[in-house]
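J.: just to be clear, the model below is a prediction. Sequence and coordinates:
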Amino acid sequence: MSRVATVACLAGMAAAGGLGADGPSAGSMSKVISMLNDMAAKVKQEKNDEQVAFQKFGTWCQMESSNLEKEIATDKDDITSLTAEIAELQSESKTLGQTVAQLESDVEKFETDMKENKEQREKDHTDFLAEQSDYEESIDAIERALDTLQKQDADREAKAGASLLETDSIKHMPVKLKSIIAAFAELQQGADDGSPEANAYEFQSGGIVNLLKKLQDDFRAKLGETQKAEANSKHASAMVVQDLTDSIAFAKKDISERSMLKKQKEEKTAEDQKQLASTEAVKAQSEKTLETMNIECKEKGLSFDEKQQLRTEEIDAIGQAVEILGAPDVAGQADKHFSMAQGAAALVQLRSDHASAVSGPRKAVREFLEAEGDRLHSHGLALLAQKISADPFGKVKGMIDAMITRLLEEANADAVHEGFCDTELGKSKITRTKLSEDIDALAAAVEEGKANIMMLTSRIAELSTQVSNLDTAMLEAGSLRASEKATNIQTIAEAKQAQEKVAAATAVLKDFYAKAAKTTALVQAAPVAMLQQKAEGIPMGSDEWISLANPAFQGEGGYSTGPGASKVDRGHKAGMQTFGGAYKGNQDAAAGVFALLEVILSDFANLEADTNASEDASQRAYEGFITESTKNKAVANKQIDMDTADRTNAEARLQEDTADMKATQDELLAADRYHAKLVPQCMDPGQTFEERTAARESEIASLKEALKILGNPDIETSA
């Protein structure tokens, strides 16, 4: 606030609060100073509040600017990614389109080739039927000719030429065959001219019969060759047709698959283009918002600085005013000026008394206008009555005419304004109704979009959990499979090793018992007396001991010890069993051991085979599980990608709908503000248009009545 404005404010406050009906009060100056101090405190508080508010606003500007810059950077990355993906999809769609076009051209060519092949086959078949008919007719004619000739097979005087001429008369004989028979008949006649006549009882047509039979065989052979050629041609044509049919089917299937893939890529391209356009629009809007926000923040910052400076100057001005008013010499000046104000008030009172002394016709007019003004609540009539009391009487008629003219112009303007209000209020109602309906529809779309996004998010989470569970299951299955495989490999190795050990043990036992069975060969039959003594045992080194190894030993006790007697080494020899009876090993128990070893060997062999089979089955089951899990994981990942794309599209649509709803709400607010402006202009809560018109017409009638009164010649015209 400028210093001049402050002084003007002080003057107004002094006039309003410092002067009463009886003149200045004793505490007016102190009251002004107190009010100035209150103003200074209020300005300081507002300045501090404004600083706090601007600090919050500055923080908001900084955060929003940072968020918008991040969103713009993200949108740029998305635009780059979408542009690259669209270019790749368009290239792939173009390649697929070219491939489909080439395949369609191939199908056209295959169908043309098939048509030509069928036409050629029909032509060849027609030719075959004609040729077959020719040969069949020839063969039939030859048969009938042979039948005719064989009927002539009797001894009578006849010539071969005559027989041939008879065959020539056979009906339906082919021309070619007739020509052959005719040529042969001429040859026969030429031969008969120089030779003696044949025996009258001799059959002379043997040569033509042989010729006809030969021709018949030739025709039959050629007919068979023709039929074989026809069958080969038909088979070859069928093979070509089958090959072309398969090629067409494969090409059409390829066309269908590639067309479907092309359509999918085109749909994906369109979807990406839509998303790209949406992202670019969002980016442009964000950039525009950022630019607008930066400008607004900068301008509001400048405005804040200016307002702070202005508040500072206002505080300084109030302080200076307080300092000036608080000086000791101000009181005397105030008394002086207050006395002048009292004189001015007396002058005003004097004028009021003089005005009240006015009487005569002017007073009657003034009183009439005042009464009509009060009755009609017309500020114009009341003002005119005041002017009549103060102005000369001669101007009354002109003022009344001007008043009537102004009221008529006001009536016209009021009618135009009423038409404007009716039109604008109708438009405003239609606009606000439509905007409200649009907002309701957009709100429903926003809620639906949010629900769709929540559903897609939930499904993506479920699918992600499934993928994670599949990964965990495959890892666990791989770990279990590795552990099981290691166990099976170890079991198989141990089973093989056990089989080798059992086989080795069996071999050792069998070798032992085979050798043990042979050791008894060195043992001779012992005397009965010695067998009777075996329970007591035979001392080693005694004659009996020696005789076990050499029964011919002659020693003491009746055995020969003379010259020529055998000399026996009394040491132990391999194979000699000298303790107790002869021992061949536990052969009976060994048989059970061998049987048990065979069972154990068989068990280990079965264990190896069963483990190998179990390993193969487990491996197949593991591979099947991994294949199925990989397939399920791929399907889930594909669904996740599709749902993610759908959610991105739904989020983009949600942003669009939200932005549209916000823009529509802003439009509705603007429409409401415009309607709020129209209401006080167009809807007077005190009077309707019809009531105002009636009041105005009554006021005009009153003015005309006043003019009529003033037009009376008896009215005093002096001032």
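T.: Noted; the coordinates are in hand. The structure presented is a predicted model; accordingly, all values stated were derived computationally and were not measured.
J.: now the host helix or strand of Lys252: mean pLDDT?
T.: Under the criterion DSSP states H and E, the helix or strand holding Lys252 is helix 206-325. Averaged over helix 206-325, pLDDT sits at 86.
J.: next one: stretch 465-485
T.: 91.
J.: show me where the stretch 51-200 of the chain dips below the pLDDT cut-off.
T.: Residues of the stretch 51-200 of the chain meeting the criterion pLDDT under 70: 152-200.
J.: which one is Ser278 nearest to, not counting chain neighbours?
T.: With CB to CB, 6 or more residues apart in numbering as the measure, Ala652 is the residue that lies nearest to Ser278, at 4.5 Å, once sequence neighbours are left out. Just so you know, the C-beta spots here come from the backbone N, C-alpha and C atoms, and that holds for glycine as well.
J.: do the same with Phe689
T.: Once flanking residues are discounted, Phe689 sits nearest to Glu418: 4.9 Å by CB to CB, 6+ apart.
J.: quick one: list the elements packing against the helix or strand harbouring that neighbour.
T.: In this structure, Glu418 sits in helix 396-518 according to DSSP H and E. Helix 396-518 makes packing contacts with helix 379-390, helix 587-682, helix 689-710 when contacts are defined by 3 or more CB pairs under 8 Å, 6 or more residues apart in numbering; DSSP states H and E.
J.: what's the angle between it and helix 689-710?
T.: Following axes from the mean of the first three to the mean of the last three CA atoms, to 10 degrees, one obtains 170 degrees for the angle between helix 396-518 and helix 689-710.
J.: how many neighbouring residues does Gly398 have?
T.: Each residue near Gly398 was counted by other CB atoms under 10 Å, and the total is 9.
J.: how close does it sit to Leu707?
T.: Between Gly398 and Leu707 the computed distance is 10 Å (CB to CB, to the nearest Å).
J.: Leu442 contacts Asp657, doesn't it?
T.: Yes. A contact is recorded between Leu442 and Asp657 when judged using CB atoms under 8 Å, the distance being 5.4 Å.
J.: what is the burial count for Asp272?
T.: Neighbour count of Asp272, defined by other CB under 10 Å: 22.
J.: do the one 4 residues further on as well
T.: The local packing of Leu276 (other CB under 10 Å) involves 18 other residues.
J.: list the contacts for it?
T.: Residues counted as contacts of Leu276 (CB atoms under 8 Å, 6 or more residues apart in numbering) are 79, 82-83, 86.
J.: which of those fall in strands?
T.: Members of the contacts of Leu276 lying in strands (criterion: DSSP state E): none.
J.: list buried residues within those residues.
T.: Buried subset of these (neighbour count, 16 or more other CB atoms under 10 Å): 79, 82, 86.
J.: so what's the first one closest to, chain neighbours aside?
T.: If I follow you right, that is Ile79. Thr279 (5.5 Å).
J.: before we move on, what about the last one?
T.: If you skip the residues right next to it in sequence, Ile86 has Asp272 as its closest partner in space, 5.0 Å away by CB to CB, 6+ apart.
J.: the one you found and Asp401: what is the separation?
T.: Between Asp272 and Asp401 the distance is 79 Å, computed by CB to CB.
J.: cool, and Leu597?
T.: In this structure, Leu597 lies at 150 Å from Asp401, with CB to CB as the measure.
J.: who has more neighbours, these two?
T.: For Leu597 and Asp401, the more surrounded residue by other CB under 10 Å is Leu597, and the numbers stand at 17 against 13.
J.: Ile600: what's it in contact with?
T.: 498, 502.
J.: thinking again about what came up before, comparing the helices and strands packed on helix 396-518, which stretch has the densest surroundings?
T.: Among the helices and strands packed on helix 396-518, the stretch with the highest mean neighbour count (mean count of other CB atoms under 10 Å) is helix 379-390, at a mean of 17.
J.: mean confidence (pLDDT) on it, please.
T.: Averaging pLDDT residue by residue across helix 379-390 gives 63.
J.: does anything pack onto the helix or strand where Ala73 lies? Which helices or strands?
T.: When elements are assigned from DSSP H and E, Ala73 belongs to helix 28-151. Using 3+ CB pairs under 8 Å, 6+ apart, the elements in contact with helix 28-151 are helix 3-13, helix 160-168, helix 175-193, helix 206-325, helix 330-356.
J.: which parts of stretch 268-276 are buried?
T.: Taking 16+ other CB under 10 Å as the neighbour-count basis, stretch 268-276 is seen to contain the buried residues 268-269, 271-272, 275-276.
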